[in-house]
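K.L.:
Need coordinates for the following:
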Amino acid sequence: MITLDRSGSQPLHEQLVAQLRYLIVRGHFRPGASLPSTRELARQLGISFHTVRKAYQQLEAEGLIHSQSGRRYLVRPEATSTRETRLEQGAALLQETLRRLVGLGLSSEDIEYLLEEQLSLLEDHTPAPKVLCLAPTRELAESLIAALGAPWAEWIEPATPESLVHHEDADLVLARHADLHRFRARLPQADWLGLMAYLEPSALERVAMLLPRETIGLVTLQPETIPHLLTELRVATGFGGQVLAVAIEESRHHLRPLLEQADLLLCTPQSHRRVAALRDRPTALLSFRIGPESIEALQAHLQSL
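P.N.:
The predicted structure follows:
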């Protein structure tokens, strides 16, 4: 949805302002809807939250958004700038663009052709639906999205129960059935679709084959992911032995002792790459699979939006 050119001459916050302004005008962020928090959007784009905050402050100065209790930003029901102000701003942008096009050697006929072409593309454009994938932690939500595969993984956004307050403009929320039942009331205006998702069977089989005296080493990215995966592992496999767990986002100091004691190492996709150089134990990737019926239901639902 938002793409920043880090090698370009335009500052990142100006690029972000331009793209957010476009998304607001085109209706992707509806009047009254919350924008992602500065830290959440910064994490998604891989930039500093100070850059996001600077962009939000500029949009607020333009009257497109406003802050609520200093914590989140909402799209204003109506832009406060007058039509005359918008025309003046548009004329300045168009003048600069025309100068650059002429500098490229384009004739007036070429420029007119490009303008008509781009206008037709705008007229044909309909905002893509906003689709979330909900899970108890962001790491689990990202794992579910990865399991959906292309093309879904490219534009579905991860969400947690705590972040739903920033997504009142969501069109569709995907969630495993237990989470769908638990959190659906928080976004009643959105459509909800249950996912038949389960942990990778080959990993579960390896856990089930362990002896009670053997030890599992569980490595995740986020500490809050550990209890959820641990509960699911024990329920799915009946394993009652020892489990040592570490979240590398919190600390890597306990990683080496865990690797030395574990008979089987289980890694989430997000942590798998980070411990690759240290692995000398049998390892299984603790990823998800999505049932084909859920993929078909998702495809049919998106076509109806």
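K.L.:
contacts, neighbours, all on C-alpha from now
P.N.:
Noted.
K.L.:
so what's the closest residue to F239 other than its chain neighbours up against?
P.N.:
Distances taken as C-alpha to C-alpha, 6 or more residues apart in numbering place A208 nearest to F239, at 6.1 Å, with adjacent residues excluded. Going by C-alpha atoms under 8 Å, 6 or more residues apart in numbering, A208 touches 237-239.
K.L.:
isn't there a helix covering I216?
P.N.:
No. Using DSSP: H, G, I helix; E, B strand; the rest coil, the assignment for I216 is strand, not a helix.
K.L.:
Now do the contacts for E293.
P.N.:
Applying C-alpha under 8 Å, 6+ apart to E293 gives the contacts M196.
K.L.:
Report the next helix or strand after the top helix by length along the chain in sequence order.
P.N.:
Looking across the chain with DSSP state H, the single longest helix is helix 83-103. Using DSSP states H and E, the next helix or strand after helix 83-103 towards the C-terminus is helix 108-124.
K.L.:
quick one on the thing from earlier: and the longest helix of the chain, C-alpha only, in PDB?
P.N.:
Below are the C-alpha coordinates for helix 83-103, written out as PDB (Å, rounded to 0.1, in the frame of the first residue of the first chain):
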ATOM      1  CA  ARG A  83     -11.400  24.600  -2.600                       C
ATOM      2  CA  GLU A  84      -9.300  27.700  -3.500                       C
ATOM      3  CA  THR A  85      -6.500  26.600  -1.200                       C
ATOM      4  CA  ARG A  86      -6.500  23.200  -2.700                       C
ATOM      5  CA  LEU A  87      -6.500  24.600  -6.200                       C
ATOM      6  CA  GLU A  88      -3.500  26.800  -5.300                       C
ATOM      7  CA  GLN A  89      -1.600  23.900  -3.900                       C
ATOM      8  CA  GLY A  90      -2.500  21.800  -7.000                       C
ATOM      9  CA  ALA A  91      -1.400  24.500  -9.400                       C
ATOM     10  CA  ALA A  92       2.000  24.700  -7.700                       C
ATOM     11  CA  LEU A  93       2.500  20.900  -7.900                       C
ATOM     12  CA  LEU A  94       1.400  20.800 -11.500                       C
ATOM     13  CA  GLN A  95       3.700  23.600 -12.500                       C
ATOM     14  CA  GLU A  96       6.700  21.900 -11.000                       C
ATOM     15  CA  THR A  97       5.700  18.600 -12.600                       C
ATOM     16  CA  LEU A  98       5.300  20.200 -16.000                       C
ATOM     17  CA  ARG A  99       8.700  21.800 -15.800                       C
ATOM     18  CA  ARG A 100      10.300  18.500 -15.100                       C
ATOM     19  CA  LEU A 101       8.400  16.800 -18.000                       C
ATOM     20  CA  VAL A 102       9.500  19.500 -20.400                       C
ATOM     21  CA  GLY A 103      13.000  19.100 -19.100                       C
END
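K.L.:
hey, where'd the strands end up in the stretch 151-300 of the chain?
P.N.:
Along the stretch 151-300 of the chain, counting by DSSP state E, counting those that start in this stretch, strands occupy 157-159, 172-176, 191-195, 197-199, 215-220, 242-247, 264-267, 283-285, 288-290.
K.L.:
Kindly spell out which helices and strands sit in contact with the third one.
P.N.:
The reference is to strand 191-195. strand 172-176, helix 177-183, helix 292-304 (3 or more C-alpha pairs under 8 Å, 6 or more residues apart in numbering; DSSP states H and E).
K.L.:
ok, and for stretch 207-214, which residues are buried?
P.N.:
Within stretch 207-214, the residues scored as buried using 16 or more other C-alpha atoms under 10 Å are 207-208, 210, 214.
K.L.:
what about the spatially closest residue to K54 that is not a sequence neighbour, neighbour count?
P.N.:
Nearest non-adjacent residue to K54, counting by C-alpha to C-alpha, 6+ apart: H13, 6.5 Å away. H13 has 20 neighbouring residues, counting by other C-alpha atoms under 10 Å.
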